[in-house]
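*Asks:* no sequence on hand, only this structure:
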């Protein structure tokens with residue numbers, strides 16, 4: 001999914017989310033639309049396409065789903081690593097340090113990831129969205145300590161409301177065994193299946 005713009009709209013009601021997603025795809029031609037439920041009972045609509053079309057589509061979703069709107073993000077010229085990470089891509093290379101941004105919404109984590117990767121010389125290890133996180137999002141940056149610190153600060157600074165941030169940390173010289181765990185998967189179940 002490589003488009004000039006990426007947007008995500010997050011709803012607290014599944015029924016309203018489905019209704020809003022229908023309005024979004026009817027309002028403007030969208031190249032990509034992915035929708036679905038996440039815990040705790042939220043509905044996500046992820047779209048990609050030409051900037052003007054994505055803007056129109058998001059406007060329709062916000063209008064129709066206003067009463068259930070939790071958060072949204074619209075990223076014209078989204079960074080390619082964000083697109084890859086949102087699609088499940090991972091950067092498993094050993095690195096000097098790890099930065100983590102934990103947010104209350106999925107949209108906020110995507111926003112923080114895009115701002116951080118554009119503002120500092122880092123890689124996105126992972127952008128994890130909602131499932132198994134109680135609806136939260138996490139962003140993992142890797143790189144040299146100063147660059148990771150900058151990416152985390154820039155990512156947190158991009159959040160539009162203070163309540164969107166749960167926590168931010170930078171871990172210099174992440175232990176090799178911790179790096180092995182984090183770089184392979186952040187879901188606990190994925191780490192222990194077949195191990196015990």
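*Replies:* Looks like it came in fine. Predicted model only: the values in this text are computed from it and were never measured.

*Asks:* how many neighbours does residue 15 have?
*Replies:* When neighbours are defined as other Cβ atoms under 10 Å, residue 15 has 11 of them. Where C-beta positions appear, they are placed from N, C-alpha and C, glycine not excepted.

*Asks:* roughly how far apart are it and residue 37?
*Replies:* Applying Cβ to Cβ, to the nearest Å, the value for residue 15 to residue 37 is 11 Å.

*Asks:* could you report the pLDDT at the residue nearest the centre of the chain?
*Replies:* Among the residues of the chain, the one closest to the centroid is residue 110, at 2.9 Å (Cα atoms, centre = their mean). On the pLDDT scale, residue 110 is placed at 95.

*Asks:* helix or strand: which one has it?
*Replies:* helix 106-119 (DSSP states H and E).

*Asks:* return the per-residue confidence for the closest residue to residue 79 other than its chain neighbours.
*Replies:* With sequence-adjacent residues excluded and distances taken as Cβ to Cβ, 6 or more residues apart in numbering, residue 79 is closest to residue 117, at 4.9 Å. On the pLDDT scale, residue 117 is placed at 96.

*Asks:* wait, what's in contact with residue 117?
*Replies:* Taking Cβ atoms under 8 Å, 6 or more residues apart in numbering, we find residue 117 in contact with 79, 81-82, 123-124, 141, 151.

*Asks:* can you tell me how far the residue lying closest to residue 90 once chain neighbours are set aside is from residue 69?
*Replies:* Nearest residue to residue 90 in three dimensions, chain neighbours excluded: residue 126, at 5.5 Å (Cβ to Cβ, 6+ apart). Look at residue 126 and residue 69: by Cβ to Cβ, they are 26 Å apart.

*Asks:* these two: who's more crowded?
*Replies:* Neighbours were counted for residue 126 and for residue 69 using other Cβ under 10 Å; residue 126 has more, 22 against 19.

*Asks:* I'd say the more buried one and residue 141 touch.
*Replies:* No: here residue 126 does not reach residue 141: they are 9.4 Å apart, not a contact under Cβ atoms under 8 Å.

*Asks:* what is the burial count for residue 46?
*Replies:* Counted with other Cβ under 10 Å, residue 46 comes out at 23.

*Asks:* so it, which of the three states?
*Replies:* strand (DSSP: H, G, I helix; E, B strand; the rest coil).

*Asks:* what residues are up against it?
*Replies:* Taking Cβ under 8 Å, 6+ apart, one finds 6-8, 32-35, 86 in contact with residue 46.

*Asks:* tell me which stretches of the chain form helices.
*Replies:* Ranges of helices in the chain, per DSSP state H, are 14-27, 51-64, 80-86, 106-119, 145-158, 176-184, 188-192.
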